[in-house]
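Colleague: A structural model of the following input is requested.
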Amino acid sequence: MTANSRNLFLRRSAAVLFAALSLLLLTDLHAGVPLNNLQGAGGIAFNPLAYLAGRQLSKEGGVVTVPQAGAWHVELPDANIRWDAVGAAFSLFGRLELSYGYSNLDAKDYGDNDINVHTLGLKVKLLEENAFDTAWVPAVSVGATYGHTSAYTADLLGLDHDGTSFYVVATKLITQLPLPVLVSAGVLRSDEVVYGAVGHNDHGTSFFANLDVLPAPNVALGVEFRQGIDAGDGLQNSDYWDFHAAWFATDKLTLVGAYANTGDKDKGNKDLGVGDGFVLSAQYQF
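Modeller: Predicted coordinates:
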């Protein structure tokens, strides 16, 4: 191949690549939120959203949605913890979401290298987004989870293996700005110790929030925050937060990458953190 031919080939290849990327970014076929969070419920990573999980079978809706599922992989090298999670959810009557999440944690530095966590979730949407023919009313939902952990650390600390959480959350997609912005905030009442992996103790109250900007129809960049819960007996959970990027690759598939921080692991029971690390996720809406 001559130099001119090679240059022409490279220019044409670049043009084709640019066109393909432009088409990908401009397409209106994308999956979207909610994802299945680490406990299986419709949300982002740590937090639930007010939106219900599951795709409607038709524009007219129906009694039941098709399900959606997600998988997460979390590496926390400071604490030498590997955390894998899968979850699934669907909705009924456009009002009720049912979810299940399963997590397996390898926390060998803490002497517990096979923690299994099961979480059942229920969410009820009280208010539709943009209700009353407005453009500013958020979707509002209440929810509850029941969790069980196999961690023997619960026995060592005198914690329960089972516990419950309750929350109310409001979520709104703001489209009047130069770029669409998703805002979500809620209040959580929970007895979880280290997101329920270590066990359950006393119920405490905390705040959580999400903020995402959509620079393209199939791309979201955002931050998530979950305030640490005081679970009693000196067990203070750390604040959790993450920076994430989501690519709605097709109308069904979403890929997520994130940096997450779960607090300083060296503060003991005063701040039950397990360090920071990276997060990867694949989500599929059937």
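
Colleague: just the CA trace of stretch 74-93, in PDB.
Modeller: The C-alpha trace of stretch 74-93 is given here as PDB (Å, rounded to 0.1, in the frame of the first residue of the first chain):
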ATOM      1  CA  VAL A  74     -16.600  -4.000  43.800                       C
ATOM      2  CA  GLU A  75     -12.900  -4.100  44.600                       C
ATOM      3  CA  LEU A  76     -11.900  -2.400  47.900                       C
ATOM      4  CA  PRO A  77      -8.100  -2.900  48.000                       C
ATOM      5  CA  ASP A  78      -7.500  -0.900  51.200                       C
ATOM      6  CA  ALA A  79      -9.500  -3.500  53.100                       C
ATOM      7  CA  ASN A  80      -8.700  -6.400  50.700                       C
ATOM      8  CA  ILE A  81     -12.500  -6.900  50.100                       C
ATOM      9  CA  ARG A  82     -14.000  -8.300  47.000                       C
ATOM     10  CA  TRP A  83     -17.800  -7.800  46.700                       C
ATOM     11  CA  ASP A  84     -19.900  -9.300  44.000                       C
ATOM     12  CA  ALA A  85     -23.700  -8.800  43.700                       C
ATOM     13  CA  VAL A  86     -26.500  -9.700  41.500                       C
ATOM     14  CA  GLY A  87     -30.100  -8.500  41.600                       C
ATOM     15  CA  ALA A  88     -33.400  -8.500  39.800                       C
ATOM     16  CA  ALA A  89     -36.700  -6.600  40.000                       C
ATOM     17  CA  PHE A  90     -40.100  -6.100  38.300                       C
ATOM     18  CA  SER A  91     -43.200  -4.100  38.900                       C
ATOM     19  CA  LEU A  92     -46.900  -4.700  39.200                       C
ATOM     20  CA  PHE A  93     -49.800  -2.300  38.400                       C
END
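
Colleague: off-centre distance for it?
Modeller: 9 Å (C-alpha atoms, centre = their mean, to the nearest Å).

Colleague: give me the buried positions along it.
Modeller: If you call a residue buried by 16 or more other C-beta atoms under 10 Å, then stretch 74-93 has these buried ones: 74-76, 78-83, 85-91. Placement of C-beta: from N, CA and C, glycine included.

Colleague: point out where the stretch 151-286 of the chain drops to low pLDDT.
Modeller: 267-270 (pLDDT under 70).

Colleague: how does it look with 90?
Modeller: For the stretch 151-286 of the chain, the stretches with pLDDT under 90 are 153, 217, 264-272.

Colleague: closest to residue 184 among the buried residues of stretch 74-93?
Modeller: Set against residue 184, the nearest of those by C-beta to C-beta is residue 89 (16.6 Å).

Colleague: wait, doesn't that closest one sit right on residue 54?
Modeller: Yes - using C-beta atoms under 8 Å, residue 89 is in contact with residue 54, at 6.4 Å.

Colleague: what's the overlap in contacts for the two?
Modeller: In terms of C-beta atoms under 8 Å, 6 or more residues apart in numbering, residue 89 and residue 54 are both contacted by the residues 42, 67, 68, 97.

Colleague: just curious, which of those is nearest to residue 112?
Modeller: Closest approach to residue 112 among these (C-beta to C-beta): residue 42, at 29.3 Å.

Colleague: neighbours around the closest one, how many?
Modeller: As a burial measure, residue 42 scores 29 neighbours (other C-beta atoms under 10 Å).

Colleague: equivalent analysis for the one 3 residues further on, please.
Modeller: Close neighbours of residue 45, defined as other C-beta under 10 Å, add up to 26.

Colleague: any idea how far residue 278 is from it?
Modeller: As judged by C-beta to C-beta, to the nearest Å, residue 45 and residue 278 stand 12 Å apart.

Colleague: do the same with residue 259
Modeller: 6 Å.

Colleague: name the residues contacting each of residue 45 and residue 278.
Modeller: Contacts common to residue 45 and residue 278, judged by C-beta under 8 Å, 6+ apart, are 258, 260.

Colleague: next step: the shared contacts of residue 89 and residue 54 restricted to helices.
Modeller: Using DSSP state H, no member of those falls within helices.
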